[in-house]
Every structure is written in structure tokens, then in C-alpha cells.
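Dropping a prediction and its sequence here:
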Amino acid sequence: MKRNTLLLILPLLALGASVRAVSPEPKLNVLFIAADDLNADLGCYGHPLVKTPNLDRLAARGVRFDRAYCQYPLCNPSRSSVMTGRRPDTTRVINNGPHFRQVLPDAVALPQLFRQHGYFTARVGKMYHAGVPMEIGADGMDDPASWDHVVNPRGRDKDQEDALVNFTPHRSLGSCLCYEMADGTSEEQTDGRVATEAIKLLEQHRDRPFFLGVGFYRPHSPHLAPRKFFESYPLESIPAPCGPPGDLKDIPPVAQFITPPNWGATEQQQREVIRGYYACVSFMDEQLGKVLSALDRLKLADTTIVVFWGDHGYLLGLHGQWMKTMLFEGAARVPLVIAGRGVARGKPCARTVELLDLYPTLVDICGLPPPPDLEGKSLRPLLVNPEAQWARPAFTQVVRLTDKRRPVGRSVRTERWRYTEWQDGKLGSELYDHDSDPNEFANLAQDPQHAAVVAELKALLRRMRR
């Protein structure tokens, strides 16, 4: 009797072992971290001054994209493109006013898709557009369909804006040359509270699949951070922006957002503002580190895809220009780091990629069905092999809303070249060779020796508009 029972049990045990062997791995979580107005002046990108040990730590665990670009160098258009997976020509969002659902009411946004497939989705801080600093502590232009839970932190920085050193008082605080060495601790600042609330959500929802959006507000102007971060950048160590004589002569006027150059700020004032920006970068990095450490402490790192991205770049005086809404490399290029299961560790990727690619990448990695109308491409092959073949350029566009003609600028970036046309070239064009001119000081668009390159890149721009 015992022998017969054993004979019956053994096949069942074998069957159970077989089922366990082929059972699918648990769903991957997504930790989707954005920084506001962050350029690539970062430690892991080779900057000699800026201290970002926590982003460097994340890059050592994943793939750092050295040529990643936004689709529009302004917060709302860029974030709308990221979250819908569609270009600004499709979303029709070209400034910080309209919501993408005015044109695409039925679009399935990135976190919304995860929510539809059983994930807990939450946002802490700025994911969709919110005016900084005006809408700190408020929803801004959020998308309720995307989230199960939202948190809008507000720190003491919002109440200390009257102490700012402001060199352009005629401009709004979100678009001015200003800074403040803040009193108090990191935890009391808005981004400190973003980190605290994000960690709470990780702790509360660690046992079910989640998509957690963590949106830091810095280094967006006003450049306000605790004093210790300013002290880590002695003013004498900050070089002033510089360029060759006559730098602006070959740049179309429409390409220049700021006139007069630097809004008339002195060299000393420019250095002080750059110092404030770098202080905010390091402050944000400290908060990032707290979230990443919590991920490790909760043993979630192996089951979570971490994406760190900036919504667009930020110029710090190059060509006499500051901030965004321009098509120079510094405004279009963004930091992008992806880490997690199945991702190469500590590898840089030199291929040209777009923030538009994040939506198809995440649904691909997590095994979700993508909407049929995404306009980017999954970066998964590059996450496995950062040196894989990749023939896609990156496109960035802007509308110069300060000009009554509302001219459109369109730019294409390959691994070597940046080519830009303003109003289909009627208002000027630009060609820069990044192999020899990474700061874009020499416009080669009218050089007959580069006519074939211009023709090739023109064709790519036309493809973007089809």
C-alpha cells in the first residue's frame, strides 16, 4: 500500500517541480525618476566640477545614454511627448499652456497603461507639467487617469522666495537668473519631501507591482538649495561662460532666445548663477540617493527597472544664452540612465536616442501590449548591448513664440552632426560637426564642402514630418 502511494506521489512531485521551473518571473516594477531642467553637466557624464555620486552609482549599475535628446526643449511639450509616446506635431503641445488631452482625449498615457494592467501607479512631485515655483504643492497639469495615488510635496523653499538674489527681476521666478543659499535641512525642502514621500510609497507597496513616478523640482529656477551645497562649489572654481570672438555672427537671429546676450548680466553674476545651478544639481542628487538606497534596503533593486531622465537640457551662458527653448546641443541633450534586470551594467551607449523611446522601451521590458500609435522605438536592444547597430537619429523642435511669425525650428542629431532649419531654412540653418566642435561654435551650413551632409540631413528632417 505504501509503495503504491509513493508511486502515485512521485509523478505529482515531478509535475510540481516542472510547473515551478517554467513559472514566469514576477512582474517588473518601474521607478520612473525625472529631474526638472537638468542638463548633462554631471559627474557620470564627465563634468570636472559637478558632484553627483548617486547618479554616478546608478549609472554604474546600468546603461548611461550619452546622446539622448528631448523632443521639445520646454517642460510641458517634452513631458507630454514622453508620457504619450508621441511627437509634439502629434500632441500639438508647443508651450506650457495646453494639456495633451485637448488634442488626444483617448490617448493611453504611459503610467495609465501600467495601471490598466494591474500595477499600482503613483506620482510624487512633478511628472506632467507644473509651473515652478508657482505650482509647487499643487497638481499643475496632471493627468488623473494615470495614477491611483498622487502626492504634491511643498517645502520651506516655497515660502522663502523673497530672499532670492535675482539679477533679472523683470522676469518670472521660473525663468530668471537667481539663486538662494537656503537655511534649514535638505528634508525641509520640497525635493527632500519628494524623496521622503517616495520612500513611504515604496515601503507601503513593495509587495505588488508598481509604477512610481518621482519628479524632482530642482535644478529648475529659482536655484535654491541648502547652503552646504553652495559651499561645496567655491565661487572661484566656477569658470565664466566663454566663446570665440564673433561667436554669434554665424548663428541665425531666430536661434537666439535671449537678447541682449546674458540679459546683460555681468561675468560675476553669471558665475554666481552657475554656482547656484550646480548646487541644486547636487542637492537633487542627494535626494535621488535616498530613494535608491531605500530601493536597495527593501530588496527591490533586482525586480525594479529604474529610469532616470531630464525633461530637457539647460544652457548656462554658452552663446550668451540661458535656459531652454533653443535648439543648441545644451538645450536638446538630456541625461538618461536605465538600470535593472536584463540591463548591461556600467556601460555607456553612444547611439542617438530620444525620450520618445521610453514608452515603448518600458512596455517592452515589462511585457505589456503597446498602443499601436507610439512614435518611438524600444531601446531594449541597446540595454542588452549598448554598441548594437542603431540607425535612428534624434529630432527636436521648437516654435519661437516670442516672434510674431511663430517660426518653427527643427533639428536632427546623428552621432556626428546636428543640423537645424528655421522655417524650412527661410530664416536660416545651422550645421555643427560634433566630432570637432562640441560647443557648436562654427556653423557649417553654408560651407560648400558640406553640401552633401546638409542634403542628407535635410532629407532626415523631411522624414520627421511625414
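Okay, I see it. Residues are numbered from 1 along each chain as shown.

Can you dump the C-alpha atoms of stretch 157-165 in CSV for me?
Provided in CSV are the C-alpha atoms of stretch 157-165 (Å, rounded to 0.1, in the frame of the first residue of the first chain):
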residue,chain,number,x,y,z
ASP,A,157,11.8,76.8,-0.1
LYS,A,158,8.3,77.9,-1.4
ASP,A,159,8.0,80.3,1.5
GLN,A,160,11.5,81.8,1.2
GLU,A,161,11.4,83.1,-2.3
ASP,A,162,11.6,86.7,-1.1
ALA,A,163,15.2,86.1,0.0
LEU,A,164,16.4,85.3,-3.5
VAL,A,165,19.4,87.1,-5.2
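
That one: which residues count as buried?
157, 158, 160, 164 (16 or more other Cβ atoms under 10 Å). Every residue, glycine included, has its C-beta placed from N, CA and C.

and what of stretch 389-398?
Those would be 390, 393, 394, 395, 396, 397, 398, for stretch 389-398 by 16+ other Cβ under 10 Å.

Just the ones of these in strands?
Judged by DSSP state E, strands contain the following of the buried residues of stretch 389-398: 394, 395, 396, 397, 398.

Return the member of those residues nearest to residue 152.
Ranked by distance to residue 152 (Cβ to Cβ), those are led by residue 398 at 28.7 Å.

tell me the contacts of that closest one?
72, 73, 74, 94, 325, 326, 327, 408, 409 (Cβ atoms under 8 Å, 6 or more residues apart in numbering).

secondary structure element for the second one?
Using DSSP states H and E, residue 73 sits in no helix or strand.

Same check on residue 30?
Going by DSSP H and E, residue 30 is in strand 29-36.

Could you do residue 214 as well?
Counting by DSSP H and E, residue 214 is part of strand 210-219.

and what of residue 289?
helix 267-297.

Could you list the buried residues of that helix?
269-292, 294-295.

do the same with stretch 341-351
343, 344, 347, 348, 349, 351.

CSV for the residues you listed, including secondary structure and distance to residue 126?
Conversion of the buried residues of stretch 341-351 to CSV gives the following (DSSP: H, G, I helix; E, B strand; the rest coil; distance: Cβ to Cβ, whole Å):
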residue, secondary structure, distance to residue 126
343, coil, 25
344, coil, 29
347, strand, 29
348, strand, 28
349, strand, 26
351, strand, 28
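
export the residues you listed to JSON lines and tack on pLDDT?
Listed next are the buried residues of stretch 341-351 as JSON lines, based on pLDDT from 0 to 100:
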{"residue": "343", "pLDDT": "98"}
{"residue": "344", "pLDDT": "98"}
{"residue": "347", "pLDDT": "94"}
{"residue": "348", "pLDDT": "98"}
{"residue": "349", "pLDDT": "98"}
{"residue": "351", "pLDDT": "98"}
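
Give the partner strands of the strand holding residue 30 in its sheet and their orientations.
Next to strand 29-36 in the sheet, as set by DSSP bridges, lie strand 210-219 (parallel), strand 304-310 (parallel).

tell me the most buried of these?
strand 210-219 (a mean of 26; mean count of other Cβ atoms under 10 Å).

In contact with the most centrally placed residue in the chain, which residues?
The residue lying closest to the centre of the chain (Cα atoms, centre = their mean) is residue 310, at 1.9 Å. Residue 310 is in contact with 34, 35, 36, 37, 38, 39, 40, 70, 334, 335, 336, counting by Cβ under 8 Å, 6+ apart.

Out of the residues you listed, who's the most crowded?
residue 70 (31 neighbours; other Cβ atoms under 10 Å).

so that residue makes contact with residue 396?
Yes: with contact defined as Cβ atoms under 8 Å, residue 70 reaches residue 396; the gap is 6.2 Å.

Common neighbours of those two, please.
With Cβ under 8 Å, 6+ apart as the test, residue 70 and residue 396 both reach residue 332.

Surely residue 57 is in a helix?
Yes: judged by DSSP: H, G, I helix; E, B strand; the rest coil, residue 57 forms part of a helix.

Read off the pLDDT value for the nearest residue to it once chain neighbours are set aside.
Once flanking residues are discounted, residue 57 sits nearest to residue 292: 6.9 Å by Cβ to Cβ, 6 or more residues apart in numbering. Looking at residue 292, its pLDDT stands at 98.

low-confidence ranges in the chain?
The chain contains residues with pLDDT under 70 at 1-24, 465-466.

returning to that earlier point: which element follows the strand holding residue 214 toward the C-terminus?
strand 223-226.

Spatially nearest residue to the residue nearest to the centre of the chain (excluding sequence neighbours)?
residue 38 (3.6 Å).

and what of residue 265?
residue 167 (5.1 Å).

Give me the neighbour count for the one you found.
20.

Starting from residue 220, give me the distance back to it.
The gap separating residue 167 from residue 220 is 17 Å, by Cβ to Cβ, to the nearest Å.

Likewise for residue 110?
For residue 110, the distance to residue 220 - Cβ to Cβ - is 22 Å.

So the nearest residue to residue 381 once chain neighbours are set aside: helix, strand or coil?
Distances taken as Cβ to Cβ, 6+ apart place residue 388 nearest to residue 381, at 4.8 Å, with adjacent residues excluded. When classified by three-state DSSP, residue 388 comes out as coil.
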